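# my questions concern the predicted model and sequence given below.
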Amino acid sequence: MTIAIILAGGTGSRIKSDIPKQFIELSGQMMMMHALAPFGESDMIDNIQIVADESWREKIEDAIFEDPESAVAEKFLGFSNPGENRQMSIYNAMKDLKQIFDVARTNDDSANVSADAKENADCSKFMVHSKFKVIDNIIIHDAARPFVTVENIDECISALDDHEGAMPVLPMKDTVYFSRTGKRVDELLNRSCIFAGQAPEAFRFGKYMEANEALLPDKILMIKGSTEPAIMAGLDVAMIPGDQRNFKVTTDEDLARAREILG
């Protein structure tokens, strides 16, 4: 089975807003609901785990269960705590998922779930919404990327048939230079060998979990991108074509662009 981890724990400090960017309203609903919808629609996604601060969880649940029969509501498992950085947030979600599924393999009835398991990870929804016992793959996405499509998601997951990871990339259009100081050009880089990474990023769960655990406790705090631990561990990560429209809302200009697209 494949589980989506949606990262909604960021603070969005580069946008002039009183609330984190993923909770800003776009076309009548929170930005993250636009990001969640395709994961509900994709037949390749079995469940959804959300990383979010506790102060926002009630608002997120209210939005998800406004329609309790929606695909997102049916797939929603629960929440994980944000970490010290983005990668620790991912690791926290993976730890929770592993615990949930370890419990599920030994308990056929949610009444048998231990109190410790329920305290450390929200198992209750899993027992209702998931009929599977083994996590094969995870796919990681940012709640602040509202224009992901079902096609983007399915292409990433399909690539795991032959690879241990997959990520969408965009070729560089501009001439790219390297500078050691940021003040003078030291080298012209071959742009045909340089790509910009996007999300979602998909991985085989077991191997990716091991790759992250190998970086504990300190190296994981230096990770900047989800695929970096996989590369450091020597995993085979495929590149698939990215989508210019699938941008991350990071600045006020990005937010204005998103609002223009959605009308």
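Yep, it's here.

# would you map the helices across the chain?
Secondary structure of the chain, counting by DSSP state H: helices at 31-41, 54-64, 71-75, 86-106, 115-120, 124-129, 150-159, 205-213, 228-232, 252-262.

# the third one - what's its average pLDDT?
Throughout helix 71-75, pLDDT has a mean value of 97.

# what does it contact?
4, 33, 36-37, 39-41, 45-48, 64-65, 67, 129 (CB atoms under 8 Å, 6 or more residues apart in numbering). Yep, even glycine has a C-beta here, placed from its N, CA and C like the rest.

# how far off centre is that helix?
Chain-centre distance of helix 71-75: 16 Å, with CA atoms, centre = their mean, to the nearest Å.

# for it, buried residues please.
Buried positions in helix 71-75, judged by neighbour count with 16 or more other CB atoms under 10 Å: Ala71, Val72, Ala73, Lys75.

# equivalent analysis for the second one, please.
Neighbour counts over helix 54-64 (16+ other CB under 10 Å) mark Trp56, Ile60, Glu61, Ala63, Ile64 as buried.

# quick check: angle from it to helix 31-41?
50 degrees (axes from the mean of the first three to the mean of the last three CA atoms, to 10 degrees).

# just the pLDDT at Cys123, thanks.
46.

# no, scratch that, I was asking about Ala117
Per the predicted model, pLDDT is 47 at Ala117.

# hang on, Arg86 packs against Thr11?
No. The criterion here is CB atoms under 8 Å, and Arg86 misses it with Thr11 at 11.5 Å.

# which one of these two has more residues nearby?
Neighbour tally, Arg86 and Thr11, criterion other CB atoms under 10 Å: the higher count belongs to Arg86, 19 against 12.

# separation between the more buried one and Glu228?
Counting by CB to CB, to the nearest Å, the gap from Arg86 to Glu228 is 10 Å.

# and what of Asn81?
21 Å.

# swap in Gln29?
32 Å.

# now do stretch 21-39: everything it contacts.
Against stretch 21-39 from outside (CB under 8 Å, 6+ apart): 4, 6, 8, 10, 12, 15, 17, 45, 48, 56, 59-60, 63-64, 72, 75, 139, 141-150, 152-153, 249-250, 255, 258-259, 262-263.

# name only those of those that count as buried.
Taking 16+ other CB under 10 Å as the criterion, what is buried in those is 4, 6, 8, 10, 12, 15, 45, 48, 56, 60, 63-64, 72, 75, 139, 141-148, 150, 152-153, 249-250, 255, 258.

# for the residue lying closest to Glu228 once chain neighbours are set aside, give me its contacts.
Among residues not flanking Glu228 along the chain, Gln87 sits closest, at 7.8 Å (CB to CB, 6 or more residues apart in numbering). Contacts for Gln87 (CB under 8 Å, 6+ apart) come out as Asn212, Leu215, Ile220, Leu221, Ile223, Ser226, Glu228, Pro229.

# count of neighbours near the fifth one?
Read it as Ile223. For Ile223, the neighbour count with other CB under 10 Å is 19.

# great, nothing more from me.
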